[in-house]
Every structure is written in structure tokens, then in C-alpha cells.
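Undergrad: Would you be able to build a 3D model of this:
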Amino acid sequence: MSTLRWGGEPLDLLGEKAVWDPRRRTLLLADLHLGKAETFQAHGIPLPSDGDASTLNALLALAHRLEPAAVVVLGDLIHSRLGLTAELRAKLAALPELMGCALRLIGGNHERGSWIEGLPLEPAQALGPWWLSHDPDPRPGHLNLCGHLHPVAVVGAGKERLRLPCFALDRHDQRLALPAFGSLTGGHPCSEGDVIWLIADGTVVPWTPSPVGRRVRSGRSSGLG
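TA: Sure thing, here's the model as predicted:
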């Protein structure tokens, strides 16, 4: 875990690809893309169907460890209407009880046109000092926590080249992009100039460029004012 501070407020960046607001006891994550395998199967692509189980089990384990007051998904909880099967609907309906807290959903582009019983699509909104959205949506006076970008960092070169999920902070726009939480999601390289925290083997590692590639930066906290 690394702790980012913004305006005197702490925000914990978790190795489970989520963030934790300890003052409000709120767990935030993005881009689960549940039902992606079923969507691909509907188009004749034989993607294995076990991705949802690993994603949901990871969410339940995290909720049981932290005991949040609420879990907020920053969009793309599901992959498409085609993947929103009766089985997946039943699992989503059971999630609040299984987690022991409320489940909320900021609407993402993959939810458009879908209806999930008991889980209305909420608009982008403030939560204390944070502005919660799916697409990047910076707002003055807030740190924008968003999904959608699926940030990854490309580390190393040649045969040792890795693509690792990461948290990506754009200081200029005051925006923190969360890594995709889902196990069947891809990723897109971060923008040049982003402040990056790698996620490797469940550990969060601050990371900065160096003249010969990328190197790990020491320290566990980043102050943003």
C-alpha cells in the first residue's frame, strides 16, 4: 500500500487495484467488466467463463478485510448487456449482503442501455475532496478519481519487457486514474509525465523515469498539497 495525500486528505492505493478512503471508510474501484467472457462467446469467440469468479472473489476478500461502509464502482461494472445474464444479475443482487455494505455504481460507457435491479447508474459526483467519475472529468478544487483508462506501465525492454497495471496521477489535471479491477481486462500505456505507482505481486511501488529506463523510487507517500 502507498498513501497519496491531497489537500491534507489521505487516500490509500491498494495492491488489489483499488483505493481506500479511510476517513469515509469507502472502497473505490473501477472497470470490473463482468460478463466479458459471455459477451465474447455471443460473438463466437471462445473466451473462458471463469474471469467473473476471480474478480468477484477478489472484491469479496477486499471488502471482508477492510469492512467498508460502502463500495463505489467508478463505471464499467459490466462489459455489455449481452453479458448481463440471469446468473450475473443474481450475483450482483447478492453482492451487498455478501460484502456487508452498500454497493454503488457511477455509470460507465459499458453500462449504457443496461438496467441492473437495485443498482441505479449514478452521475459523476463529489465525495469529500474527491470527484468520482468513470471518464476523466477534472473539477477545480477536487482530485478526480476515475476509471476508463485502464492504465498500465511498460517496464523493461526486450524479453524482460512487462506491462504492469498501475495508478496514474496527472498532476496538471489533478486526476488519478485507477487500474482496471477485472481479471479479463487489458490496459493502455500511461501518458508521459504521469506520476505512477506500479502494482506487482499485490504490492504498490512508486515508479519514475530514469535515463536508462524506469527505476523504483523510494518512499511510501506522495504529498499533493
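
Undergrad: Run a quick neighbour tally on Ser2.
TA: The tally of other residues near Ser2 (other C-beta atoms under 10 Å) stands at 18. In this view, the C-beta of every residue, glycine as well, is placed from N, C-alpha and C.

Undergrad: Can you verify my assumption that it contacts Ile199?
TA: No - using C-beta atoms under 8 Å, Ser2 is not in contact with Ile199, being 10.1 Å away.

Undergrad: roughly how far apart are the residue lying closest to Gly141 once chain neighbours are set aside and Gly118?
TA: Sequence neighbours aside, Pro129 is the residue nearest to Gly141 in space, at 8.0 Å (criterion: C-beta to C-beta, 6 or more residues apart in numbering). To Gly118, Pro129 is 29 Å away according to C-beta to C-beta, to the nearest Å.

Undergrad: Neighbour count for the two, which is higher?
TA: Legend: neighbour count by other C-beta under 10 Å for Pro129 and Gly118, higher for Pro129 (16 against 10).

Undergrad: Quick check: the gap between that one and Thr26.
TA: Taking C-beta to C-beta, one finds Pro129 at 12 Å from Thr26.

Undergrad: Is it correct that Ala180 is in contact with His33?
TA: Yes - counting by C-beta under 8 Å, Ala180 does reach His33; the two are 7.2 Å apart.

Undergrad: following the strand or helix carrying Ala93, which helix or strand comes up?
TA: Per DSSP states H and E: Ala93 is located in helix 86-99. Toward the C-terminal end, the helix or strand that comes next after helix 86-99 (DSSP H and E) is strand 102-106.

Undergrad: Packing partners of that next one?
TA: For strand 102-106, the packing partners by 3 or more C-beta pairs under 8 Å, 6 or more residues apart in numbering; DSSP states H and E come out as strand 70-73, helix 86-99, strand 121-122.

Undergrad: in that strand, what's buried?
TA: Using 16 or more other C-beta atoms under 10 Å as the test for burial, strand 102-106 gives Leu103, Arg104, Leu105, Ile106.

Undergrad: now do stretch 114-121
TA: Neighbour-count burial for stretch 114-121 flags Ser114, Ile116, Leu119, Leu121 (criterion: 16+ other C-beta under 10 Å).

Undergrad: could these go into TSV alongside pLDDT and distance to Asp52?
TA: What follows is these, written out as TSV (pLDDT from 0 to 100; distance: C-beta to C-beta, whole Å):
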residue	pLDDT	distance to Asp52
Ser114	73	16
Ile116	84	14
Leu119	91	16
Leu121	93	20
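
Undergrad: ok, so of these, who is nearest Glu160?
TA: Among these, Ser114 lies closest to Glu160 (C-beta to C-beta), at 41.0 Å.
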